[in-house]
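Peer 1: Quick one, fold the following:
(2 chains)
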Amino acid sequence: MGFFKEIYRNRSLYTLALPGLLFLVIFAYIPMFGHLIAFKKFNATIGFWNSPWIGFKNFEFFFSSGQWLEVTWNTIFLNSLFIIFGLGLAVVMAILLNEIRLAIVKRFAQSIIFMPYFISWMVVSLMVYALLNTTDGMINQMLKSLGMDAVGWYNNANFWPSILTIVYVWKMAGYYSIIFLASITGISSDYYESARIDGATRFQQIRHITLPLIRPTIIVLALLAVGRIFYGDFAMIYGIIGDNAALFSTTDVIDTFSYRALRQLGDFGMSSSVALYQSIMGVVAIILFNWIIRKVDKDSALF
Amino acid sequence: MEQPALRKRRNLDVEYTWTGRLFTWSGYILVALFTIFCLVPFWMVLINSFAAEKEIMTNGFQLFPADFSLDAYKMLFKSNQIYSSYFVTIFVTIVGTVLAMLVTSMYAYVLAHRKVKYRNFLSFMTYLTMIFGAGLVGFYITIAIYLDLKDSIWALILPYLLNPFFAFILVAFYRSVPYELNEAATVDGASEYKIFFKIVWPISLPAISTVSLFYALTFWNDFWLSLLFIDNHKLHPLQIMLRQLISNANMKQYVSGAAMDYAQAIPTYGLQMATVCLTIGPIILLYPFVQKFFVKGITIGAVKG
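Peer 2: The predicted structure follows:
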C-alpha cells in the first residue's frame, strides 16, 4: 500500500530515475544470474534454463589445474606492487611539486605528469612495444650501442612484474599525485610558519608536518585499492600482454584467465566459475577492508 | 632581547643553508627527471611516426631519427580503415557521453532528492553493483545472446550509460544545492521535470561538464566492449584498429580495404605510430583546456567518494 502510494505521489521523480534503474537491472542485475552457469553445463543453443546442472564440476577443473593459485597470486602480487609503488611515487611527486616555488614550472610539470592518465592502455601497449621489442625496440638499440646484448623482453616472464609496475607508475602517478597535492594544499600554512620559526629544515617540515597530515588520504586510497585487490586491470594486462603465452606465468590475472576461457576456449562453465570465485573473494576483501578502515578511521568506513 | 634576532637568522638559514639548497635542487631535479620519463614515450611515437620505415628497420626506434618520411600518414589517409574507425570512435564518444550524462544526471538527482522515500534503497542497489560484480559470462550472454547486440554499435554505448562512481559524484553535488530552491519552484507550480531541467541542470553545469568529460574519456579509450562484441572490421573503433595493427598478419588488406593495392612494402612501424598519434591527437590537443575539469573531478571524487 505505502509502496504504491509513494511511487504514485512521486511518479515524475521515479520516471526520471527509470532509465538508470532499467540500466542497472539489465546490465548489472540480470547478468548476475550468469554466476549460476558456474554450476551448469552451459549450452548456448538450448539456452540458459535448459542447460543441465552439474554441481561443482566447473570448479573442480579450475581448482585442480593449479592455475587458480597462479592467477590468484599474480593478481594479488601485481596489484600490491601497483599500490605500493604507484601511491609511493605519487606521494613523493606531490611533496616535491609542492616545494616548487615557481608557479609556471609547477603547473607545467604537473600537467606533463598527469598526461599519461588520459592515454588508453592500447596506446600504452604500442609504446611499450616500441621501447622493448627485441629487434627494433629503443631500449635494445641503446643496449646495443653500449656494446651489450639485446634482451628478449617479450620472451622472459620474469621481467614483467617490474615492467608492468613501471608502466603503471608512469600512467597513474600523476592521477594520485593530484589527490595528494590537493590534500597538501589543504594543510594550514600556520604549521609550517611556526615550524620555520623554530628552525625546522624543509626536510623536517615534510617529515613531521606534511606526511602525518596526508597520512589519512594515503591510507584511504591504499585501502580502497586493497578492497579491489582481486580484480586485475584487464585493459592494462590484456592490452600489454595480449595472447603472449610466454609471459602468462607472471602476468596472467584472474580477469584475463576468465576472458580467455570464454572467448578462446568457449568454456562458459569454467569462465563463470572463475568469475564467481573472484566476485566472492572481492566481497570478502571489501568486508575485510571495511573492518580495517573502521579501526583506522571510523568516518571513512563504507558501512 | 637576543631571541627575536636569533629566530630571524634561523628563519633565513632554512632557505639558504647548504643542505636547504641541496634539498631544493635535488627536488627540482627529481621532478624534472620524472617529467622527462613521462614525456619520452609521447615524443617517441610522435617522432617515429614521421621516421622513414627504412630508418626504423635498420636503426630501430630512436629519439632522434635521421631520415623522415610521410609515407605512413599518406597511406593511412588513402585507406579506408582509419576513416571508419575514426567515425566509430567519434560516434560512440559523442552519442555515448550525451546519453550517459542524461541517464546518470537524472538518476543521481532522484538519489539525492529528499522527497524520494526509497532513495537510500536505490543508492544501496547502485552501490551493490560496485561491490559484487556480475562476472564476465553473465554480462557477455546478456548482451550478445539476449539483447542480440553482437556486431552492433550500441554494444559499445549501452553498457556504459551509468557508472555508479560518477553517479555518486553527482549525488554529492546535488546534495549541496540548497533545497529551498526546489521548494520555491514547487510553490510556483513548476513540475519536477521543469525543476530538474530548467533549474537544477543549469546550476549543476560545472559538475555535469566534469562528469561528461570523464565519460567521454571512457568511451574514447575503451576497447573492452569492442573486444567482446565486435568482429566486423567496419565497426572497429580506433583502439581496436591499433590492436589489429599489432596482431593482424594481413595488415595491408586490413588497413587499406580489399580494393587497394600497394606496390611498395607497407611501413608497418610507421603505420602503428601514426595511428597512435591520430588516436591520442584529439586528447592531447584538448588536454590544456579540459585538464582543470579533471583535476576538479578527481579531487571531489577523492573527498566525497
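Peer 1: measure B:Tyr118 to A:Gly186 for me?
Peer 2: For B:Tyr118, the distance to A:Gly186 (C-beta to C-beta, to the nearest Å) stands at 36 Å. The way it works is simple: take the backbone N, C-alpha and C, and place the C-beta from them, glycine included.
Peer 1: Those two: which is more packed in?
Peer 2: B:Tyr118 (17 against 12; other C-beta atoms under 10 Å in any protein chain shown).
Peer 1: State the pLDDT value of the more buried one.
Peer 2: With respect to pLDDT, B:Tyr118 has a value of 88.
Peer 1: Nearest to chain B: which residue in chain A?
Peer 2: Distances between chain A and chain B by C-beta to the nearest C-beta are smallest at A:Gly34, namely 1.7 Å.
Peer 1: doesn't B:Gly135 make contact with that residue?
Peer 2: Yes. Taking C-beta atoms under 8 Å as the definition, A:Gly34 is a contact partner of B:Gly135 at 5.4 Å.
Peer 1: Mind listing the shared neighbours of the two?
Peer 2: A:Ser272, A:Ala275 (C-beta atoms under 8 Å, 6 or more residues apart in numbering or on different chains).
Peer 1: Using the three-state scheme, assign A:Ala200.
Peer 2: coil (DSSP: H, G, I helix; E, B strand; the rest coil).
Peer 1: That one: neighbour count?
Peer 2: By other C-beta under 10 Å, the residues close to A:Ala200 number 18.
Peer 1: I'd guessed it sits against A:His208; true?
Peer 2: Yes. The criterion here is C-beta under 8 Å, and A:Ala200 meets it with A:His208 at 7.2 Å.
Peer 1: any idea which element residue 114 lies in?
Peer 2: Just going to use chain A. Here A:Phe114, judged by DSSP states H and E, is contained in helix A:103-114.
Peer 1: So which elements touch that helix?
Peer 2: On a contact count with 3 or more C-beta pairs under 8 Å, 6 or more residues apart in numbering or on different chains; DSSP states H and E, helix A:103-114 meets helix A:67-99, helix A:160-185, helix B:18-49, helix B:268-304.
Peer 1: now these in JSON lines, with mean pLDDT?
Peer 2: Rendered in JSON lines, the data for those read as follows (pLDDT from 0 to 100):
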{"stretch": "helix A:67-99", "mean pLDDT": "94"}
{"stretch": "helix A:160-185", "mean pLDDT": "94"}
{"stretch": "helix B:18-49", "mean pLDDT": "90"}
{"stretch": "helix B:268-304", "mean pLDDT": "88"}
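Peer 1: Please identify the most buried of the ones you listed.
Peer 2: Most buried of these by mean neighbour count (mean count of other C-beta atoms under 10 Å in any protein chain shown) is helix A:160-185; its value is a mean of 21.
Peer 1: could the helices and strands packed on helix A:103-114 go into a markdown table alongside distance to B:Ser123?
Peer 2: What follows is these, written out as a markdown table (distance: least, C-beta to C-beta, whole Å):
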| stretch | distance to B:Ser123 |
| --- | --- |
| helix A:67-99 | 27 |
| helix A:160-185 | 24 |
| helix B:18-49 | 38 |
| helix B:268-304 | 13 |
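Peer 1: nearest to B:Val95, of the ones you listed?
Peer 2: With C-beta to C-beta as the criterion, B:Val95 lies closest to helix B:268-304 of the helices and strands packed on helix A:103-114, at 16.3 Å.
Peer 1: Whether the closest one contacts chain A - can you check?
Peer 2: Yes. Helix B:268-304 reaches chain A (C-beta under 8 Å from any C-beta of the partner chain) through B:269, B:272-273, B:276, B:279-280, B:283-284, B:287-288, B:291, B:294-295, B:298-299, B:302.
Peer 1: Grab the nearest non-local neighbour of the residue nearest the centre of chain B.
Peer 2: Chain B has B:Leu217 as the residue nearest its centroid, 2.1 Å off, counting by C-alpha atoms, centre = their mean. Distances taken as C-beta to C-beta, 6 or more residues apart in numbering or on different chains place A:Phe118 nearest to B:Leu217, at 6.4 Å, with adjacent residues excluded.
Peer 1: Does B:Gly270 touch B:Lys74 like I think?
Peer 2: No. Taking contacts as C-beta under 8 Å, B:Gly270 lies outside contact range of B:Lys74: 9.8 Å.
Peer 1: what does the stretch 151-300 of chain A have sitting close to chain B?
Peer 2: A:170, A:173-175, A:178-179, A:182, A:196-197, A:199-203, A:217, A:221, A:231, A:234-235, A:238-239, A:242-243, A:255, A:258-259, A:262-263, A:268, A:271-272, A:275-276, A:278-279, A:282-283, A:286.
Peer 1: Are any of these buried, and if so which?
Peer 2: Buried residues within those, counting neighbours by 16 or more other C-beta atoms under 10 Å in any protein chain shown: A:170, A:173-175, A:178-179, A:182, A:196, A:200-202, A:217, A:221, A:231, A:234-235, A:238-239, A:255, A:258-259, A:262, A:268, A:271-272, A:275-276, A:278-279, A:282-283, A:286.
Peer 1: of all the helices and strands packed on helix A:103-114, which lies closest to B:Ile246?
Peer 2: In this view, those are compared for proximity to B:Ile246 by C-beta to C-beta, and helix B:268-304 is the closest at 6.9 Å.
Peer 1: Could you figure out how far the closest one is turned away from helix A:103-114?
Peer 2: Angle between the axes of helix B:268-304 and helix A:103-114 is 110 degrees (criterion: axes from the mean of the first three to the mean of the last three C-alpha atoms, to 10 degrees).
Peer 1: mind checking how far helix B:268-304 is from the chain centre?
Peer 2: On the basis of C-alpha atoms, centre = their mean, to the nearest Å, helix B:268-304 sits 6 Å off its chain's mean C-alpha point.
Peer 1: Below-threshold pLDDT in the stretch 1-150 of chain A: ranges please.
Peer 2: Applying pLDDT under 70 to the stretch 1-150 of chain A flags residues A:1.
Peer 1: hang on, I meant the stretch 101-250 of chain B
Peer 2: The stretch 101-250 of chain B contains residues with pLDDT under 70 at B:248-250.
Peer 1: Helices of that one, residue ranges please.
Peer 2: B:119-131, B:136-141, B:164-176, B:179-187, B:192-194, B:201-203, B:205-221, B:224-229, B:238-247 (DSSP state H, counting those that start in this stretch).
Peer 1: Might you name the residue of chain B sitting closest to chain A?
Peer 2: In chain B, the residue that lies nearest chain A is B:Gly138 (1.7 Å; C-beta to the nearest C-beta).
Peer 1: quick one, what contacts that residue?
Peer 2: B:Gly138 neighbours (C-beta under 8 Å, 6+ apart): A:Ile30, A:Pro31, A:Met32, A:Phe33, A:Gly34, A:His35, A:Ile37, A:Ser272, A:Ala275.
Peer 1: and the second one, that's in a helix?
Peer 2: Meaning A:Pro31. Yes. Applying three-state DSSP, one finds A:Pro31 inside a helix.
Peer 1: Nearest residue to the residue of chain B closest to chain A in space, please, no chain neighbours.
Peer 2: A:Gly34 (1.7 Å).
Peer 1: Generate a PyMOL selection restricted to the buried entries among the contacts of B:Gly138.
Peer 2: Only the buried entries of the contacts of B:Gly138 go into this PyMOL selection, using 16+ other C-beta under 10 Å:
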select buried, chain A and resi 30+31+32+34+35+37+272+275
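Peer 1: and the contacts of B:Gly138 as TSV, adding distance to A:Ile76?
Peer 2: Converted to TSV, those look like this (distance: C-beta to C-beta, whole Å):
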residue	distance to A:Ile76
A:Ile30	30
A:Pro31	25
A:Met32	24
A:Phe33	28
A:Gly34	24
A:His35	22
A:Ile37	25
A:Ser272	21
A:Ala275	17
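Peer 1: that older thread, which ones among the residues of the stretch 151-300 of chain A next to chain B lie within helices?
Peer 2: A:170, A:173-175, A:178-179, A:182, A:196-197, A:202-203, A:217, A:221, A:234-235, A:238-239, A:255, A:258-259, A:262-263, A:268, A:271-272, A:275-276, A:278-279, A:282-283, A:286 (DSSP state H).
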